[in-house]
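J.: From the sequence below, what's the structure:
(2 chains)
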Amino acid sequence: AQSVSQHNHHVILSEAASLELGCNYSYGGTVNLFWYVQYPGQHLQLLLKYFSGDPLVKGIKGFEAEFIKSKFSFNLRKPSVQWSDTAEYFCAVILYGNNRLAFGKGNQVVVIP
Amino acid sequence: EAQVTQNPRYLITVTGKKLTVTCSQNMNHEYMSWYRQDPGLGLRQIYYSMNVEVTDKGDVPEGYKVSRKEKRNFPLILESPSPNQTSLYFCASSLRPPAGGNSPLHFGNGTRLTVT
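T.: Numbering: from 1, shown residues only, chains lettered A, B, ... in the order given. Sure thing, here's the model as predicted:
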């Protein structure tokens, strides 16, 4: 079964620091990859997605992610975080041709002003 | 406004009392899905539906039922709720099934269910 691993469940950092969240998946076939963000008390919103093409994907709010097929990874990055980036971040993977989207356990990110 | 609407937002009930959480989308989406979110476990898929009258089990379907009689509605039914179903539930929809297409999920605002 496909699985998604996110490490460092709780991340605390100061404003202007750089953020990198790791995401690894277990399936070797063609995958579609997503990062979702959930701000406190809100529903999930799509940050960015990868389907094909350029493995470096740019999303909203200055986030980007890089798909490295050989490492089965899709890490999320932001060069300089703001207090408003405090949220929970979820990586999600879907196998091409499957219709079940598997989520990781999430990273709780707290940005201190 | 395009949205996924869940009701109620909060629900407290007792063990064994049947309940339904409604989900409706106004975007003519084919694909709809239910997830539960639990601390440390992320989101786990309960059921999904590819289109009207087509539903299938996700990763944690036990204790839940769904129906898709109309394209816009996808209610989640708990016939006999138990305390281990206390959770935050999200409904989501997408224009087409998410696999292989450029069709991201749109989420509702969530339903926080407590079963005592």
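J.: and chain B, which residues reach chain A?
T.: B:31, B:33, B:35, B:40-45, B:48, B:50, B:56, B:58-59, B:90, B:92, B:97-102, B:104-105, B:107-110 (C-beta under 8 Å from any C-beta of the partner chain). No exception for glycine: its C-beta is placed from N, CA and C like everyone else's.
J.: Pull up the per-residue confidence for the residue minimising distance to the centre of chain B.
T.: In chain B, the centroid-proximal residue (C-alpha atoms, centre = their mean) is B:W34; its distance is 2.6 Å. Looking at B:W34, its pLDDT is 97.
J.: again, but for B:D59
T.: Predicted confidence (pLDDT) for B:D59: 88.
J.: Can you show me the strands along chain A?
T.: A:4-6, A:10-14, A:19-21, A:23-25, A:31-38, A:44-50, A:56-58, A:64-68, A:73-78, A:87-95, A:102-103, A:107-112 (DSSP state E).
J.: Save those as CSV, and put in distance to B:K71 and mean neighbour count too.
T.: Converted to CSV, the strands of chain A look like this (distance: least, C-beta to C-beta, whole Å; neighbours: other C-beta atoms under 10 Å in any protein chain shown):
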stretch, distance to B:K71, mean neighbour count
strand A:4-6, 29, 18
strand A:10-14, 40, 13
strand A:19-21, 36, 18
strand A:23-25, 31, 21
strand A:31-38, 24, 23
strand A:44-50, 22, 20
strand A:56-58, 31, 14
strand A:64-68, 32, 18
strand A:73-78, 32, 20
strand A:87-95, 22, 23
strand A:102-103, 25, 23
strand A:107-112, 35, 18
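J.: ok, residues contacting stretch B:72-88?
T.: Residues from elsewhere that reach stretch B:72-88 (C-beta atoms under 8 Å, 6 or more residues apart in numbering or on different chains): B:13-26, B:28, B:32-34, B:36-38, B:46-47, B:49, B:63-68, B:89, B:91, B:93, B:110-116.
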